[in-house]
Each structure stands twice: as structure tokens, then as C-alpha cells.
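Enquirer: Mind folding the following:
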Amino acid sequence: MNTERFHIGDGCICWSLGDDISLETSARVLGIYRSLKAGKLMKELQIHDLVPSYNALAVHYDPVHSHLDAIIANVEQMIELQLSGDPDSSVPAAKKVVIPVDYSGEDLSRVAEINGLSVPDVIKLHAGAIYTVAMVGFLPHFPYLIGLDKRLETPRLDNPRKAVAAGSVAIGGAQTGIYPIESPGGWNILGYTDPALLKSIEPGDMIEFKPMEQT
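Expert: Model (predicted):
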């Protein structure tokens, strides 16, 4: 795997672990992210923030007081451990969050039709996986979840909606996620949940969807 290091402005350095979106690459990025978050290095190295994506990690630091050489050395040591298959065993296990979903979204039939499935099949497949929060972005608390069953991959809408309700659980291409607030969006809405549940979710958490009982 090719890795690349580059600067973004005066106070951020980014490591790219590849160009693909895969469980393997995301797991490595999240392993580095969670190792840094769990230890004392962030405080010692005066790192302000860590921002993971599917295949990269951005490290925001104090350009005046941080020791950049030490940051680079420590992060690259963690990358080597991840690539060697010997990650930090002291990092606590990922948090698991169960998200109840009312599967009554307006795009359920579309997802089913495009993929040659029934609506109950779509719900079963979507709720039958354990997802990893690969990153948080687009909107505050919007979790991008990796682990969607390939049978559910569905193109975004040709004409995005001007307003998607807060708590909408949706699919966009090979990704699934949850809208934390009302916003424009072009993902396929499968159902709805309580958006307040997203406030404690962090990259690396494990997510399980649980269908609500219909009354």
C-alpha cells in the first residue's frame, strides 16, 4: 500500500493510505485515529484535532508550539504498525451503538426496484449488517457508514431534494448514513430515527440498525 504525506496550510498535515474506499483501508485509518485519541500523545504533541476520512487522516496542530518532527515520527510509527498487522493492542474496543429505525422512507420502493429486491428484503439487508463509522462530515454529526451490502448499492437521486428531514436514514451509492439536521440531499431515504442519537457517535464506532415494530 502506498502512503503519502502532505501539508494542508500551516497547521495541518495529512497522511493518505491509498485511493480506494474499502473496509481494510478504513480500518487502518481508524486504527491510527483511535490510537492517537486513546493515548496521551495528542496533549503532549499539542494536536488540536484529528479528522479521518475513508482513506486518509488529517492532523491539526499548533503551528507555533507543536513539535512537527515528533508528530510525524509518532504518526508514521503507527502507520507502520497498522500496515504490518500489529496495531496498538491497548486501544479500547470500539463502542457499539444500536439505532432504532422506522423503515418507512419514501425511497424504499426505488431501492428495491433498482436492485431487484422486495421492500422487506431491503429492510432485512440494511438492518442485517454491522457498520463502522468511517468518518463524520458533510454536516456536524453526519456519520458516513462503511459496510453496506453490495446488493443495496443505489445511485443518488437525479434531482436532489431541497429538504431532507432530520433523522433520515439513507443510501447514496455504496454508502449509508443519517442526516442529523434538515438539509438538502440526494440520497435514497429508507427510514427515520431520532437525530439526537448521533451526537455521541464518533469515527470508529460500530452501528447496528434495529427496525422499529410497526403499529
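Enquirer: In terms of pLDDT, where does the residue positioned nearest the centre of the chain sit?
Expert: The residue lying closest to the centre of the chain (CA atoms, centre = their mean) is A134, at 2.5 Å. According to the model's per-residue confidence, A134 sits at a pLDDT of 95.
Enquirer: Could you do H67 as well?
Expert: Each residue has a pLDDT score; the one for H67 is 88.
Enquirer: Can you tell me the closest non-neighbouring residue to it?
Expert: L45 (6.5 Å; CB to CB, 6 or more residues apart in numbering). (C-beta placed from N, C-alpha, C; glycine too.)
Enquirer: Return the set of buried residues in the helix or strand bottoming out on mean pLDDT in the chain.
Expert: One helix or strand of the chain scores below all others by mean pLDDT, DSSP states H and E: helix 41-44, with a mean of 86. Burial within helix 41-44, assessed by neighbour count using 16 or more other CB atoms under 10 Å, is assigned to 41-42.
Enquirer: Which neighbours in the sheet does the following helix or strand past it have, and how are they oriented?
Expert: If you walk from helix 41-44 toward the C-terminus, the next helix or strand you reach (DSSP states H and E) is strand 47-52. Strands that pair with strand 47-52, judged by DSSP bridges, come out as strand 56-61 (antiparallel).
Enquirer: what's in contact with the partner strand?
Expert: Strand 56-61 is touched from outside by 8, 11-17, 29, 32-33, 36, 45-52, 68, 71, 75, with contacts defined as CB atoms under 8 Å, 6 or more residues apart in numbering.
Enquirer: what are the phi and psi values for P211?
Expert: For P211, the backbone dihedrals are phi -60, psi 130 (criterion: degrees, to the nearest 10).
Enquirer: Is it in contact with A127, as I believe?
Expert: Yes. The pair P211 and A127 qualifies as a contact (CB atoms under 8 Å) at a distance of 5.3 Å.
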